[in-house]
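1. Here is a sequence with its predicted model. Questions after.
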Amino acid sequence: MSEYAVATPGAPPIARRGLVRGLLTNPLAAAALVVLAIVAVVAVAGSFLAPYPPNLASLQLILAPPSPEHLLGADSAGRDVLSRLLVATQISVAAALVSLVVALVIGVTGGLIAGYYGGFFDTASSWLTAIVMALPAVIVLLAARAALGPSVWLSMAIFGVLLSPAFFRLVYASVNSVRHELYVDAARVSGLSDPRIVGRHILAVVRAPIIIQSTVVLGIAIAVQSGLEFLGLGDLAVPTWGSMLNDGFTYMYRAPMLMLWPALAIAITTIALVVVSNAIRDELERTSSKRRKARRARAGSTTPVDLVTPAVVHESDGAPRGEALLSIGELVVGYDRDDGDVTTVVKGVDLTVRRGEIHGLIGESGSGKTQTAFAVLGLLPEGGRVVSGSIDFDGTDLAGAPESVYRRIRGRKIGYIPQEPMSNLDPSFTIGSQLIEPMRVVLGLSKKEATDKALALLDRVGIPDPRRTFASYPHQVSGGMAQRVLIAAAVSCDPELLIADEPTTALDVTVQAEVLDLLRDLQQERNLGVLLVTHNFGVVADLCDSVAVMQSGRIVERGPVEAIFERPEHPYTRALLDAILEDADPRPPLVSREGASA
Amino acid sequence: MVRFILRRLLAGVVLVFVISALAFAMLYANSADIARRILGQNASNELVQQKQTELGLDRPLWQQYTDWLGQALTGDLGRSWFTGQLVIDGVTSRLAVTLSLVIGATVLSAIVALIIGVVAATRGGWVDRVVQVLSVLGFAIPGFLVALGLVLLFSIQLGWFKATGYTPITTSFSGWVASVTLPIIALALGTIAIVAQQVRGSVADALKRDYVRTLRSRGLSARRVVLKHVLRNAAGPALAVLAVQFIGLLGGAVIVEQVFAIPGLGQLAVSSTTKADIPMVMGLVIATALIVVIVNLFIDLAQAALNPRVRLS
């Protein structure tokens, strides 16, 4: 029956007070709520509203068309369709509620017990779930009907049992994750009894997902109940939407309208239920993401941002330097917001990377340095774009350039080394296949040539057993190895510029030094230009020729590394430098290595 | 890998045993009532007693079950109480019909859902919104209503398809296609809605992964990265949902077969249920459980093929 348990809504835990108002301002949800309200009223008062007794048959009226006395006509036994529809609503809804209540009672209690106490209950309930999910619900209900006879209520109670895993898994998962939270421990330590803890802390967490799941389950129960009645397996004396549909189906050719009314009733009700459940989920997600955003905004940079003073530029001391490879001018990167405004994250950046030099781009997290790097690659996350400014790469303007331009640039002109090694390798393919794919596509190498080149590159970046790593999946190698693989991949199509985004941040300290060495060696060997994004002045001191200091989307100071280290002028640069001197940076800077390698 | 397969196989066998015991207990527990329903409400108590003895229903339940199990293991699921037909024949003669519907619907849903889901996830905008609305409708409207609507529209109003009946593929291929097209579409629509949602979600999720950007940075086109890397990583969750949906389709076939008058397992199930032909119902339950277990085993294997971490651990 698990086919019905798919909708596990990923809703945030706590229902907000504004929920109802939120639903009513959404026109679709409001309409669906009105429909459900009408259904509920009819379900309660149906038998009083019905103009005739639902089973009153009249031979004169068999398959009668609509008339003022019988607004929807009469069915094959000459019974008033409108009256039957009203009374059937009562029974169909009540039958669905029986399923829902049974499923809720079994699923929620079972989930609470299994999730809270674990152990034996865990195993037992996972077996029970497997059994219940191994058969289609309809087959189980047919078997039950064969053994126990035609009772709407009994079938729907059994269906409730079959639906209970939908709630069980929801509650179980939430309870399991909450069980070890500190506030639950605290409640336990302070002497609250288990039922109190479950009631106060755990049910509060699962309340909203349960409400969402309940509306979905109610719709499914109505559909299945009508399906069974439609098959003619119900109690013939009881009018339901499904049995009316069955009657209409039998006389489909003579009176197709007979099918219309019960079909509409079923379809409108189930659609309304799904719409409401989606709307509740969206509303909860919206309010919770609003809160998250508000929190993030508060947690943002507190350093006052200077938007007026131009950057401090240290001139080069006249030593010979290479030609400019990448020149970024007045670059502004922004994200389009829903209200049409643009949030800018890079606010006018100038910098130049020369052939054969390593150019550091340093700043705290959130300063926009990674966004600058992505803008150069033309790979900004969704919604992001270059708002204005220029990105000149060796004579080609990349600012907002179309894919056709980037196709000639990425890989073969600009290589990219990411920060986090593991998440940047596709877990489903071997390292070797990920290495040779770009070489075959970009450089047009044969499989053999690409494989040879990949093995040579793996050897070059210091991987001890290239063949073995070539055949491994990413999860089988260490983080340091993965970063070497990514460096090999970045240079595999012989680019002229490397963009390295914090290439050592995610690595162990000892591995960091080796990877930096490797980067420097490759850079010198190939006379590469490198844009090295980092937050660590130690790395800058160790590796870079020039550096740009970035704060809140702007460059505040730039120039040759020696000049910046000797005469830092901007207070932010000084603060960053002081951080290494006072050893306040939790990551040990690598300045000490400078003496050793020089 | 071999141990992985054996473990899944063993779990499947245990599951079928447990289900057979539970189903037997439910179906045979109330034997007096069954006998009375077969004979009619007015039958005398002696007649009911006699019928119970005749059908072997007067013995202890566990004894009836072990007898049934012993025979079942040799492939004998007993005979119908009404037609005398061997249960195994009744089931196998209709199996192909139902499986062709269910497999056809599964393949159709997989293909259509894949295309819709990928387009919705990568294009976004109005395409995505249309897909969202359609999948709400597809999820909400019960499959048998869709089936009825299709019959009304295409068979009765337009006359494009035969409304009911079934032509075996051995008789006429085109006739078979004409007779299964509407049932397969009716079955598939709901599944397409649910699977497309899942594909959309997992593709959107995979698109946000870091390795997508990194692969693009090496000069691979967006199309290539989506079709090769994103799809491969999104396939696992989508396949899991499709497996669950397959079970749902087996159930859906019961109703759809009834609407289109197709002589499959579903029709047999409905007629056996109304007559209380217990051995036949029992056989159908076992057949369904076996199909589900086999399909789940295939899905496990496919998951292992897709995901190296499942395969290698």
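-> Sure thing, it's come through.

2. so B:Gly138 sits right up against B:Ile194, yeah?
-> Yes. With contacts counted by CB atoms under 8 Å, B:Gly138 reaches B:Ile194, the gap being 7.4 Å. Any C-beta I mention is one placed from the backbone N, CA and C, and that applies to glycine too.

3. what does the stretch 51-200 of chain A have sitting close to chain B?
-> A:130-131, A:133-140, A:142-149 (CB under 8 Å from any CB of the partner chain).

4. Show the buried residues in those residues.
-> Buried subset of those (neighbour count, 16 or more other CB atoms under 10 Å in any protein chain shown): A:130, A:133-140, A:142-148.

5. and the stretch 351-500 of chain A, which of its residues are near chain B?
-> Within the stretch 351-500 of chain A, the residues that sit near chain B (CB under 8 Å from any CB) are A:374, A:377, A:379, A:381, A:403, A:407, A:410-412, A:414-416, A:418, A:420, A:423-429, A:434, A:437-438, A:441-442, A:473, A:475-476, A:486, A:489-490, A:492-493.

6. Tell me which residues touch the residue in the stretch 401-550 of chain A that chain B sits nearest to, please.
-> Of all residues in the stretch 401-550 of chain A, A:Gly411 sits closest to chain B, at 2.8 Å by CB to the nearest CB. Contacts for A:Gly411 were tallied using CB atoms under 8 Å, 6 or more residues apart in numbering or on different chains; they are A:Pro438, A:Val442, A:Ser492, A:Cys493, A:Pro495, B:Ser217, B:Arg218, B:Gly219, B:Leu220.

7. any idea of the pLDDT on it?
-> Looking at A:Gly411, its pLDDT is 88.

8. Nearest spatial neighbour of it, chain-adjacent residues omitted?
-> Once flanking residues are discounted, A:Gly411 sits nearest to B:Gly219: 2.8 Å by CB to CB, 6 or more residues apart in numbering or on different chains.

9. Quick check: that neighbour touching A:Gly444?
-> No. Contact criterion CB under 8 Å: B:Gly219 and A:Gly444 do not qualify, at 11.3 Å.

10. ok, back up a step: tell me, what's touching B:Gly138 and B:Ile194 both at once?
-> Here B:Gly138 and B:Ile194 have no joint contacts, going by CB under 8 Å, 6+ apart.

11. Show me the contact partners of stretch B:291-304.
-> Against stretch B:291-304 from outside (CB under 8 Å, 6+ apart): A:134-136, B:1, B:4-5, B:8-9, B:12-13, B:15-16, B:99, B:236, B:239-240, B:242-243, B:246-247, B:250, B:310-311.

12. let me redo that: stretch A:212-222
-> A:4, A:7-9, A:11, A:92-93, A:95-97, A:99-100, A:103-104, A:156, A:159-160, A:163, A:166-167, A:170, A:241, A:266, A:269-270, A:273-274, A:276-277, A:280-281, B:140.

13. from those, which would you call buried?
-> A:4, A:7, A:9, A:11, A:92-93, A:95-97, A:99-100, A:103-104, A:156, A:159-160, A:163, A:166-167, A:170, A:241, A:266, A:269-270, A:273-274, A:276-277, A:280-281, B:140.

14. Narrow these to those in helices?
-> Counting by DSSP state H, the buried ones among the contacts of stretch A:212-222 place A:92-93, A:95-97, A:99-100, A:103-104, A:156, A:159-160, A:163, A:166-167, A:170, A:241, A:266, A:269-270, A:273-274, A:276-277, A:280-281, B:140 in helices.

15. Could you tell me which residues of the stretch 1-150 of chain B lie near chain A?
-> Close to chain A, as judged by CB under 8 Å from any CB, the stretch 1-150 of chain B has residues B:15, B:18-19, B:22-23, B:26-30, B:33-34, B:37, B:136-137, B:139-142, B:144-145, B:148-149.

16. Of the residues you listed, grab the buried ones for ChimeraX.
-> Selection of buried members from the residues of the stretch 1-150 of chain B next to chain A for ChimeraX, criterion 16+ other CB under 10 Å:
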select /B:15,18,19,23,26,27,28,34,37,136,137,139,140,141,142,144,145,148,149
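
17. now, which of the residues of the stretch 1-150 of chain B next to chain A lie within helices?
-> Filtering those for helices - DSSP H - leaves B:15, B:18-19, B:22-23, B:26-28, B:33-34, B:37, B:136-137, B:139-140, B:144-145, B:148-149.

18. Against A:Gly400, how distant is the closest residue to A:Gln419 other than its chain neighbours?
-> Sequence neighbours aside, A:Glu502 is the residue nearest to A:Gln419 in space, at 4.2 Å (criterion: CB to CB, 6+ apart). A:Glu502 is 26 Å from A:Gly400, where distance means CB to CB, to the nearest Å.

19. out of these two, which sits in the more crowded spot?
-> Remark: of A:Glu502 and A:Gly400, A:Glu502 carries more neighbours, 21 against 15, as counted by other CB atoms under 10 Å in any protein chain shown.

20. between the contacts of A:Gly411, which is nearest A:Arg79?
-> B:Leu220 (67.1 Å; CB to CB).

21. May I have the phi/psi pair for the closest one?
-> The phi/psi pair for B:Leu220 (degrees, to the nearest 10) reads phi -80, psi 140.

22. sec struct for B:Arg309, please.
-> Under DSSP: H, G, I helix; E, B strand; the rest coil, B:Arg309 falls in the helix class.

23. which ones are touching it?
-> A:Pro427, A:Tyr473, A:His475.

24. confidence score at it?
-> 75.

25. now B:Ile116
-> pLDDT, read off for B:Ile116, is 91.

26. Count the neighbours of it for me.
-> Counted with other CB under 10 Å, B:Ile116 comes out at 22.

27. Work out for me the element it sits within.
-> helix B:87-123 (DSSP states H and E).

28. Measure how far that helix is from the centre of its chain, please.
-> Here helix B:87-123 is found 8 Å from its chain centre; the criterion is CA atoms, centre = their mean, to the nearest Å.

29. picking up where we left off before, what kind of secondary structure is the residue nearest to A:Gly411 in?
-> Under three-state DSSP, the three-state class of B:Gly219 is coil.

30. Now do it against A:Thr451, distance only.
-> Applying CB to CB to B:Gly219 and A:Thr451 gives a distance of 18 Å.

31. OK, contacts around residue 286?
-> Using chain A. A:Gly22.

32. not what I meant, chain B
-> B:Val16, B:Ile19, B:Ser20, B:Ala23, B:Ala72, B:Leu77.

33. 6 Å instead?
-> B:Ser20 (CB atoms under 6 Å, 6 or more residues apart in numbering or on different chains).

34. so what's the backbone phi/psi at it?
-> Note on B:Ile286: its backbone torsions stand at phi -60, psi -40 [degrees, to the nearest 10].

35. Run through chain B and note the low-pLDDT ranges.
-> B:31-32, B:162-163, B:311-313 (pLDDT under 70).

36. center of it, which residue is that?
-> In chain B, the C-alpha nearest the mean C-alpha coordinate belongs to B:Leu250, at 2.3 Å (CA atoms, centre = their mean).

37. Show me how far the host helix or strand of that residue is from its chain's centre.
-> Assigned by DSSP H and E, B:Leu250 falls within helix B:231-260. The chain centre lies 6 Å from the centre of helix B:231-260; the measure is CA atoms, centre = their mean.
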